[in-house]
Structures are given as structure tokens and as C-alpha cells.
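K.L.:
Sequence plus predicted model, see below.
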Amino acid sequence: MSRPPRDNTAPPTREMVLDYLEKNPQLGAKRDIARGLDVATEHKPELRRILNELEAEGALVRTGKRAFSPAEMPPPTSIVRFERVDRDGELIGRAMGKEGPFGPDIMFAGPSGANHRKGGRPLALGVGERALCKIEKGRDGIWRARAIKKIDALPETSLIGVYRANRHGGTVEPTSRKEKSEFIVEKADARDARDGDLVRIQARPARGYGPRRASVVEVLGRLDDPRAASIIAMHTHGVPDEFPEQVIEEASKAKPAQSPREDLTRIPLITIDPEDARDHDDAVYAEADGHGGWRVIIAIADVAAYVRVGSALDREAYRRGNSTYFPDRVSPMLPEHLSADLCSLREGELRETFAVEIFFNAGGHKTKHRFIRGKMRSAAKLSYGQAQNAIDGNPDDKTGPLLEGVLKPLWAAYRAVSQARNSRAPLDLDLPERRVRIGEDGKIASISLRERFDAHRLIEEFMIQANVCAAETLESKRTPLVYRVHEEPSEEKVNTLATFLPTIGLKWTRGETITGARFNKLLGDVKGSENEPLVNEMVLRTQAQARYADENLGHFGLNLTKYAHFTSPIRRYSDLIVHRALIRALGLGPDGMNDQDAVRLEEMAEHVTMTERRSMAAEREATDRYLAIYMADRVGAIFDGRIAGVNRAGLFVRLAENGADGFVPASRLSEEYWIHDEASAAMVAQRSGLRYEMGMTVQVKLMETAPVTGGLLFSIQSPPKPRRTDLKPPTRDAEYRGPRSGPARKRPTDGGGRPPNIRHSTKKGPGGGGQASYGKNKKKKGR
């Protein structure tokens, strides 16, 4: 075995891992790689992160549960299938092999030189299409494909859109921003669709350069239905709508499994939730322990008692993975009879609970805990605002009687636990959340940013403590489980941050250990300054996305070594998995995890990660559409905002009033040619050097709304910042990844003079990239 001599006090790098696997392809297990590279124990989490990152990029393929091998590299000339558009609007694909796409991502770099010399029509390629390409890897590490010949047309694809009738049949305007053009539907293929119907269509293979054709497969609803935004989001992302009859029937007959239960009904446990909460997973109680510390009980809905392993209910809950929340509806993981009734900890009603009793010392550190299967009766259902008002000296008729005996002890225990939390130094990011209120008529009543109180933080911290107890208990019992993991930021993202910060006068020392405390110091240094929102956004983008895994990779954002989700089993299947594992490990009943599920945890973790991200995308898109509908009658109005993202196509501006995100095309900034300077996150005018920088406060005029796609188009009203002499001017190449010859060109439009981004921008958040997340959820509980 080749074993390169090295100093094992240094962490492994991507280059070392790739070089080792190239020389030792038969030794791809994580254990072998760690041994071969002499990786010290403290650096093994970094090795795991590198392997997962390389797998996600396509540089490695998984050959076993914890084994990898180098991905096959594409040959110099190969067929490439283009699969997606990245955040910068580039068409991305992979080489085609006998078993489908393989290898790393490849960026479309235009036609080959041979195609140019033949003088043929330019090759127009889209997602789903294939072409014979010349492939090469640039010095920047990016693989590029230059098309020689288009192989075939776009295959049939199912899309959601709005049907517009005419005398020949109609057209369909897709709801996806990625689709650039309408589809023609002949009368015979319309399936009785009416003008303004939301429809699912089957797109037919393209023929030449004419208009695309499609047939209507299903009528989903009406565009003028106030619920259209959520209907579109659900069908676009495959979020389940209705439950099968067998599942509804099972839920209606559900009875709890028989197991010994402790009586907790005399304890005044209370629920504290958003005022519009549709289910109640958790209740809390605290009292002094007589020794300067605190006894806290976190009682959770005992879903495992009702949803048996392998039942139709269980299979459907697993398929859904989690509940998905929209402003006007919820797609629940469990039928309403369970999620809003039998399992929900409703005020005054007897309920089965799976609780954890935790003891904290005066400094807020946990000293011991135990899990309890019991029965409880919620003493009160409070909203966050109600609880906070009571503590702030304004109790109402409901909270007044609870103030001394229930609420004040809870806040005192929270203050103690907060001391320990502060010493742990979890990542402290401010993540505002938009709230869409729907009126009784089904229309949007208001859109605002959610307020955040100490009551939110209290519940969140107690849920985190319960989650830690679950992971610790299962590890101590050597029981397999699904962890909630959040890996530390990648070296690439940290380097991007380190390159950016000096442009605003801040410093990030490279090479030092990456910790949440370092990020918190950076955030603290800019608190109250004009750069606070900008740095907060950049730190957020640096973070990895939280996920579920069957191996413990720790939680970077919370700075915890052991963490699992336990506190929301009504709406997250991951928590139900953990409940069943605890029941089995602690011998608390016959309804614990079975042997079959115990060996499927890797697959289950990947599935619930997928369903969580699916829901997040659907929820975000629905909110964007509601915002576009809400703003439609304010076209021409001026708004205050902040530049929340910059890419080569223009600026993303977030409005201060309601958090709405809109787009300012580069072509509309001025008559000058504007260049994207990635290093300083700015658009820079090529001649004058004038700048629009990320984080800059601006005024914008709303020019256009697109409720179907959720897009807002702005024009900038504020002047740019002056040229910066302390920064090297960007070149035109800074705007493009690949070389492009010829004179400067205006931005492409969709034929009506507007940039295509309002219809098919690939942004998943401001700036074009998916927002990093370390696990904050809808109710702000149990990250």
C-alpha cells in the first residue's frame, strides 16, 4: 500500500484524498483512507467532510456504506447530457456512459471552433438535451464542454403552467422560472381546460426551432383561486396532497399501543407555539430542584404509540417525510385526526407523551436526565406573544394565573441554561422569516417579518437540550440512530469569505481552526454598523446545509458533538425514527424500532433529508408567489431595500418592508457595461468604476410582477458608489467563467424587453444560490 509520509498534525486536504485514491483505488473505505493518509483522530471529521463534498461534486462515487472510489473522468470527446442551470445561469451537464450520466459537472461553453467555421446555425441547448462535445478541464478546475453536434431533442417532460385559451386550442405559460417559452396546446389535447386553469402538461420533444408543443394531462385548479400559489408549489415539487383512503381509515381507528405509563397529569405542562400553529408537538415545565438548580420536563407527543412500524400510516408518513407548511394550508405528515387531535397536546385533554426529565445545575449545565413514557394534560395553550407579554408585565386573563407558578420558573431555568449555551458559543445568526397572513376571504391580508421573542429562544433551547439527551442516550445504549448533522464550512467557502472581508475593511485569518465562536466574533464586530446585514448574509452563505445521517458528524452550528431530532414527531419522520430507537433501547414498550429499520438507517436518513429540502423549496416558492400577488397593485411604487445578492446577470434586492426579493437586471443599471466582481460581491461599471455592492441600501421602483412565477422586477433609483482606488479593477473575464470573444452585448431578453430572470431565474435565494441552513425549522424548535 502506498503510504505518503506526512505530518499527521495537519488535517487532510482534498488533493491528498484524490491523489491517494487514484494510487490506491482498492483501498477506498474511510478507515483505509484514514490509515493510508495517517489522519489523526481529531482530523477524521475533516476527512469525512472532504469525502462527502467530493461525492456531492461528482469527483468520487460511493461503492459501499463508507467506501469511495474516484469517479470515471469523461473522455476528450463525449456525449454530454445537460441536467440543470446553476446559480450563475450556466448550463451544467455530465458525460453519458452505458449506465447513464457519470463523472464531474461540466459547464456548457458554447459551440466548438469546428462548428463556428462551418457557418451553421448556433447550437441552442437546454436542460434535458444532449450534444456531442469536446471536453476539457481548465486551469481553474472547471470542466467545460464545447458542442460539436446536437444529438437529440428535449424528451417529454411534465410541467405545471397556466392555460390561455384561443380559437385553435391554447397556450400554456409555465410556472417555473427555468422555462423560457410558452407551449402550444391544440384543441384536441386540451382535456376541457378553460382559460386561466392551472394545468399539468406533457411537453413533447422539440422539433427544429419552432414553438414547443404539449398536451394537457390534468387540470389542477384556477389561477384566480387565492390558494393557487400553494397549489403550484405542491404540484411542482411533488409534495403530497391527499391521503390514500386506507391511511385515512387507519388513522380513524388508531388506538395507542399498550405500555406502562407514568402519570404526569398533575404537572402543569404548557404548550407555547406560534399563534397560527396547526399542531402541538411539545409542552414544557420547570421548577427549582432545591439545590440551586432546575428540574425541567419537556413532554413530546407520543406518535410512535399510534403509528406502528410497517402500517399504511407509517408507509405514508415515511413517503411524505415531514409536514409542509404554506400560508393557507398544510400538507401534514399524518392525517388530521392524528396530527391535530389524538397526537396533538391539546389544552385540557388527556394525551400520551414521551417526555424527558432534565436536571440542570445553577450554571445551566445538565447533570442528569431520564426518558418517560407517560400521560399528561396540557394546563394551557399559549402563543409566544402571550407568554412574552406576561413575563414583560402584561399578563392577560389566561396567563395571569400561570405567571408565578409556571411562567416565571420557566424563564428562570432558561436564564440558567442560557449561561451554558453562551459558553458553548453556538453560531448566532439572525435569520428573519417572512409571515404571510391570509384573511377570511382567502386573500392575502398582510405580509411582514415575524417578530422573535425570548419566548421563542426559551422553547428552542429546551428542545435542543431534549435532542441532545436523545442522542446521548442512544449512543450510550449502542443503538443505531439517525443524527441531525451540520458539518463545518468547506475550505472553498471559507476562502471566499476570507477573500471578501478585506474589501470592507475586515480580516479573517486563514489557517486557524474554524469555530462558531470565530464567526460570532466577526458578527459582533459589525453589529450596529452598515455592514451588519452584509456580513450576516455572507456568513450564512458560508455554512453547510444541515442534513440527516446514520453516522455522527456533529453539529457545527450548535457546537454540539451529539445531536438528533426528538421533539417534533407529528411533523418530522426523523423524530419518529429516534422515538422508536429510544423505545427499543430503553425497553419502554412493544412499538419500538424493528430489525429491518435498524439496518436501513442510511437510506432513511437520505430520504428524510430529501423530503425536508423538497418542502423548504415548495414553501419558499409559495411565499414568493404570494408576495408577487400582494405587490401586483403597487407597480410603480418606490421601496427601500438592500442589495442581498449579486451575480453576473444583475442585482437581487430585498425590500425592508416585507422581505420580498426582486431582481434588477445589469442591462438596466446604466448605459455602461457592468462587470460582476465576485471577490468584492459587486457590480462594477467597466469605464467609470462606479459600484453597486452587496449589502448596500438602495431605493428601487417596482416595474413588474409575475405572480405565476413569483418574480419581481425592479429598477434601481439610487446612485452607485464611487470608484474604489484601493481595489484592483475587475476585468470583463471576471464576469464569465469561460472566455468569450466579440464585442460587449446587451443582456438577453425574453422577447418583451425584460430580462429572462423574472421568468426563469435559477435563484433559490438572494444571489442565485440556495440558502445555507443549519436546521432552523418552521416553529423555530430543535435545530
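P.N.:
Here it is on my side, so go on. Predicted, not measured: the structure shown is a model, and the values here were computed from it.
K.L.:
Next, count neighbours for residue 167.
P.N.:
Under the neighbour criterion other CB atoms under 10 Å, residue 167 is assigned a count of 6. Using the backbone N, CA and C atoms, a C-beta is placed for each residue, glycine as well.
K.L.:
That should have said residue 67, apologies.
P.N.:
17.
K.L.:
Return the residues in contact with it.
P.N.:
Residue 67 makes contact with 28-30, according to CB atoms under 8 Å, 6 or more residues apart in numbering.
K.L.:
low pLDDT regions in the chain?
P.N.:
Within the chain, the segments meeting pLDDT under 70 span 1-9, 56-58, 63-65, 87, 98-100, 114-123, 152-157, 180, 206-210, 732-783.
K.L.:
that older thread, want to try CSV for the contacts of residue 67, with neighbour count as columns?
P.N.:
What follows is the contacts of residue 67, written out as CSV (neighbours: other CB atoms under 10 Å):
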residue, neighbour count
28, 21
29, 16
30, 18
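K.L.:
and the closest residue to residue 350 other than its chain neighbours, what does it touch?
P.N.:
Spatial nearest neighbour of residue 350, excluding adjacent residues (CB to CB, 6 or more residues apart in numbering): residue 377 at 5.5 Å. Contacts of residue 377 were listed using CB under 8 Å, 6+ apart, and they are 265, 269, 348-351.
K.L.:
Which members of these are classed as buried?
P.N.:
Applying a neighbour-count criterion of 16 or more other CB atoms under 10 Å, the buried members of the contacts of residue 377 are 269, 351.
K.L.:
Show only the entries of the contacts of residue 377 found in strands.
P.N.:
Secondary structure from DSSP state E places 350-351 of those in strands.
K.L.:
and of the contacts of residue 377, the nearest to residue 724?
P.N.:
residue 269 (57.9 Å; CB to CB).
K.L.:
in this protein, which helix has the most residues?
P.N.:
In the chain, taking DSSP state H as the definition, the longest helix is helix 601-631.
K.L.:
Give me the contacts around the next helix-or-strand element following that helix.
P.N.:
Beyond helix 601-631 in the direction of the C-terminus, DSSP states H and E gives the next helix or strand as strand 638-647. Contacts of strand 638-647 from elsewhere in the structure, counted by CB under 8 Å, 6+ apart, are 87-89, 533, 537, 651-657, 661-662, 676, 681-683, 692-702, 714, 717, 763, 765-769.
K.L.:
switch to 7 Å and redo it
P.N.:
By CB atoms under 7 Å, 6 or more residues apart in numbering, the list of residues contacting strand 638-647 from outside reads 87-88, 533, 537, 651-657, 661, 676, 681-683, 692-702, 717, 766-768.
K.L.:
From the residues you listed, list the buried ones, please.
P.N.:
So, of the contacts of strand 638-647, 87-88, 533, 537, 651-655, 661, 676, 681-683, 692-696, 698, 700, 702, 766-768 end up buried under the neighbour-count rule (16+ other CB under 10 Å).
K.L.:
Those in strands, which ones?
P.N.:
Using DSSP E, the subset of these located in strands is 651-655, 661, 676, 682-683, 692-693, 698, 700, 702.
K.L.:
and of those residues, the nearest to residue 132?
P.N.:
Comparing every one of those with residue 132 (CB to CB), the shortest separation belongs to residue 676, at 30.9 Å.
K.L.:
Spell out the residue ranges of the helices in the stretch 351-500 of the chain.
P.N.:
Listed in chain order, the helices of the stretch 351-500 of the chain (DSSP state H, counting those that start in this stretch) span residues 384-391, 408-424, 454-476, 491-500.
K.L.:
now the second one and helix 454-476, what's the angle there?
P.N.:
Interaxial angle, helix 408-424 versus helix 454-476 (axes from the mean of the first three to the mean of the last three CA atoms, to 10 degrees): 70 degrees.
K.L.:
tally of neighbours for the closest residue in space to residue 90 that isn't next to it in sequence?
P.N.:
If you skip the residues right next to it in sequence, residue 90 has residue 107 as its closest partner in space, 5.1 Å away by CB to CB, 6+ apart. Here the number of neighbours of residue 107 (other CB under 10 Å) works out to 19.
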